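>>> Quick one, structure for this:
(2 chains)
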Protein chains: 2
Amino acid sequence: MSEYEPTKRTKVFRKPGRGSYDRELVHAILDEALTCHVGFVQDGQPYVIPTIHAREGETLYLHGAKGNRMLKALVDGTPCCVTVTLVDELVLARAALHHSLNYRSVMVLGTAREVTDPEDKNRALRCVVDHIAPGRSDEIRGADETDSKSTRVLSIPIEEASAKVRTGPPIDEEADLDLPSWAGQLPLTSGAGDPIPAPDLRGDPPVPDSIKGWSRT
Amino acid sequence: MSEYEPTKRTKVFRKPGRGSYDRELVHAILDEALTCHVGFVQDGQPYVIPTIHAREGETLYLHGAKGNRMLKALVDGTPCCVTVTLVDELVLARAALHHSLNYRSVMVLGTAREVTDPEDKNRALRCVVDHIAPGRSDEIRGADETDSKSTRVLSIPIEEASAKVRTGPPIDEEADLDLPSWAGQLPLTSGAGDPIPAPDLRGDPPVPDSIKGWSRT
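Numbers count the residues shown, from 1 in each chain, chains lettered A, B, ... in the order given. Model (predicted):
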């Protein structure tokens, strides 16, 4: 099936035209976003923590040090929400009310499970590195047993998910169209500057492919 | 006082050297981030929703349409968490384990109150527009009574807050320093492309100052 089943919790009610449950779109947004924001509850208090995610098929991976408080909370099966957002353009209207942003966001609701099988865990950790810089996993020393033991990997099935997208120009009221204000979109750009070699780099290794041509889009 | 009092809930335990409670730093990160992610709980499920925020002194404003589900939940005094994150650099190590991101993030915990006083509400809405593009409020039609009635504005006092910041090169193990992999930082850049005039723009108004020189840093 090419769409996620919208639930009461993921259905976009306000401006439903902006909502989408399309798997390909959800995947593309998750893959383009460098980081996600993970929401979970402890003692009635919600926390929202930024972290790196990675997607493999219909699975989302989170990872971190064994002592990481968020992962410890999630591993107990507490419900979580993983949200990613890409901001594409400023939307500038003639009226304050109609100012907006063009964006693409995804929300995934679910519960996490710990990945303990060594092979699965290793594959997940490679996914995380390659999420940040595709191909990077092949250029470096992978996780050895010590690394793996000090790291926790969680998987969240992408089952209850929705995307929300705004595109296009500002929509002003007819009565405001004769106002003298400029209105339109301002596209936001992102890219990479020049790589900075580590101060303790030995020899003169070339900047690798994963970094030389790095771009997110 | 120039620092927020760290609480059990905002104190950075893991890598405490990355934690900061400095008011100026917290303000600067909140001001630079275009959007925030708001966490709240409904029926035991956490939700994380991206939205535009604005700061005025020690107050954080959120806003949206009257029917907005998140604002409706928050106005009842349910605890929330507002997190903003700026990703500055990829951190590329010789070992997978030591890959990271350089980032600046802020987490604000609190409860929201509705801003109902018309003057306060108008000022808050100007803050929101100027958060996206400083000076824009003076170039457009502000919220009239109808606009104001259809909009809800919430304020959250910035009292329980912390920042977390990573800077600098990758930190590899001594034993990995002779590996042939390139290591270092890749700075991420952001900016703006050419403004796109609205298709229904009348006359030929010049691109205003708030947009012409728009930059986030």
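>>> Now do stretch A:14-33, average pLDDT.
The predicted model assigns stretch A:14-33 a mean pLDDT of 95.
>>> Can I get the helix or strand encompassing residue A:48 in CSV, CA atoms only?
Per DSSP states H and E: residue A:48 is located in strand A:45-56. The C-alpha coordinates for strand A:45-56 follow below in CSV (Å, rounded to 0.1, in the frame of the first residue of the first chain):
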residue,chain,number,x,y,z
GLN,A,45,6.2,16.4,31.6
PRO,A,46,6.8,16.3,27.8
TYR,A,47,10.3,16.6,26.6
VAL,A,48,11.4,17.3,23.1
ILE,A,49,15.0,16.3,22.3
PRO,A,50,16.8,16.9,19.0
THR,A,51,18.7,13.9,17.7
ILE,A,52,19.9,12.2,14.5
HIS,A,53,17.7,9.6,13.0
ALA,A,54,17.9,7.2,10.1
ARG,A,55,15.4,5.3,8.0
GLU,A,56,15.6,1.8,6.6
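>>> Could you list the buried residues of that strand?
A:46, A:47, A:48, A:49, A:50, A:51, A:52, A:53, A:54, A:55, A:56 (16 or more other C-beta atoms under 10 Å in any protein chain shown). Yep, even glycine has a C-beta here, placed from its N, CA and C like the rest.
>>> now, which of the residues you listed lie close to chain B?
A:46, A:47, A:48, A:49, A:50, A:52 (C-beta under 8 Å from any C-beta of the partner chain).
>>> Excluding covalently adjacent residues, which one is nearest to the fifth one?
Take residue A:50 and drop its neighbours on the chain: the residue closest to it by C-beta to C-beta, 6 or more residues apart in numbering or on different chains is residue B:85, 4.0 Å away.
>>> Helix, strand, or coil at that neighbour?
strand (DSSP: H, G, I helix; E, B strand; the rest coil).
>>> Tell me if I'm right that it and residue B:103 touch.
Yes - here residue B:85 reaches residue B:103: they are 6.0 Å apart, a contact under C-beta atoms under 8 Å.
>>> Please enumerate the shared neighbours of these two.
A:35, A:50 (C-beta atoms under 8 Å, 6 or more residues apart in numbering or on different chains).
>>> more crowded one of those two?
Under the neighbour definition other C-beta atoms under 10 Å in any protein chain shown, residue B:85 and residue B:103 were set side by side, and residue B:85 has more, 25 against 22.
>>> So what pairs up with that one in the strands?
residue B:105 (DSSP bridges).
>>> need the contact list for it.
Residue B:85 neighbours (C-beta under 8 Å, 6+ apart): A:35, A:37, A:50, B:33, B:37, B:103, B:104, B:105.
>>> Now do the same contact list for the last one.
The neighbours of residue B:105, taking C-beta under 8 Å, 6+ apart as the test, are A:50, B:29, B:83, B:84, B:85, B:86, B:163, B:164, B:165.
>>> All the strands of chain A, residue numbers only.
A:19-20, A:35-42, A:45-56, A:59-65, A:80-92, A:100-110, A:113-114, A:151-157, A:160-166, A:184-192, A:196-197 (DSSP state E).
>>> Parallel or antiparallel, which strands does the third one pair with?
Paired neighbours of strand A:45-56 in the sheet (DSSP bridges): strand A:35-42 (antiparallel), strand A:59-65 (antiparallel).
>>> and if you look at the first one?
Sheet neighbours of strand A:19-20, with direction, are listed as strand A:160-166 (antiparallel) (DSSP bridges).
>>> From the chain's centroid, how far away is the strand it pairs with?
Taking C-alpha atoms, centre = their mean, to the nearest Å, one finds the center of strand A:160-166 at 12 Å from the center of the full chain.
>>> For that strand, buried residues please.
So strand A:160-166, judged by 16+ other C-beta under 10 Å, has buried residues A:160, A:161, A:162, A:163, A:164, A:165, A:166.
>>> what comes into contact with it?
A:4, A:6-7, A:9-12, A:18-22, A:25-26, A:29, A:91, A:100-110.
>>> now the residue lying farthest from the centre of chain A, nearest residue through space, not along the chain?
In chain A, counting by C-alpha atoms, centre = their mean, residue A:178 sits farthest out from the average C-alpha position, at 40.1 Å. Once flanking residues are discounted, residue A:178 sits nearest to residue B:202: 6.1 Å by C-beta to C-beta, 6+ apart.
>>> about what we covered before: out of the strands paired with strand A:45-56, which one sits most buried?
Highest mean neighbour count of those: strand A:35-42, a mean of 24 (counted as mean count of other C-beta atoms under 10 Å in any protein chain shown).
>>> next one: that one to chain centre, how far?
12 Å.
>>> for the buried residues of strand A:160-166, which one is nearest residue B:171?
residue A:161 (35.3 Å; C-beta to C-beta).
>>> Quick check: residue A:150 vs residue B:79, distance?
32 Å (C-beta to C-beta, to the nearest Å).
>>> again with residue A:200
44 Å.
>>> and if you look at residue A:69?
From residue A:69 to residue B:79 the distance is 17 Å (C-beta to C-beta).
>>> same check, this time on residue A:178
46 Å.
>>> same check, this time on residue A:79
In terms of C-beta to C-beta, residue A:79 sits 16 Å off from residue B:79.
>>> Which helix in chain A has the most residues?
As assigned by DSSP state H, the longest helix anywhere in chain A is helix A:118-132.
>>> Pull out the buried residues from it.
Those would be A:121, A:122, A:124, A:125, A:126, A:127, A:128, A:129, A:130, A:131, A:132, for helix A:118-132 by 16+ other C-beta under 10 Å.
>>> Dump that helix to PDB, restricted to CA.
This file holds the C-alpha atoms of helix A:118-132, laid out as PDB (Å, rounded to 0.1, in the frame of the first residue of the first chain):
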ATOM      1  CA  PRO A 118      24.700  -7.600  16.700                       C
ATOM      2  CA  GLU A 119      24.200  -7.700  12.900                       C
ATOM      3  CA  ASP A 120      21.000  -5.700  13.000                       C
ATOM      4  CA  LYS A 121      22.600  -3.200  15.300                       C
ATOM      5  CA  ASN A 122      25.600  -2.800  13.100                       C
ATOM      6  CA  ARG A 123      23.500  -2.300  10.100                       C
ATOM      7  CA  ALA A 124      21.400   0.400  11.900                       C
ATOM      8  CA  LEU A 125      24.600   2.200  13.000                       C
ATOM      9  CA  ARG A 126      25.800   2.300   9.400                       C
ATOM     10  CA  CYS A 127      22.400   3.700   8.400                       C
ATOM     11  CA  VAL A 128      22.800   6.500  10.900                       C
ATOM     12  CA  VAL A 129      26.300   7.500   9.600                       C
ATOM     13  CA  ASP A 130      25.100   7.200   6.000                       C
ATOM     14  CA  HIS A 131      22.000   9.300   6.800                       C
ATOM     15  CA  ILE A 132      24.300  12.200   7.600                       C
END
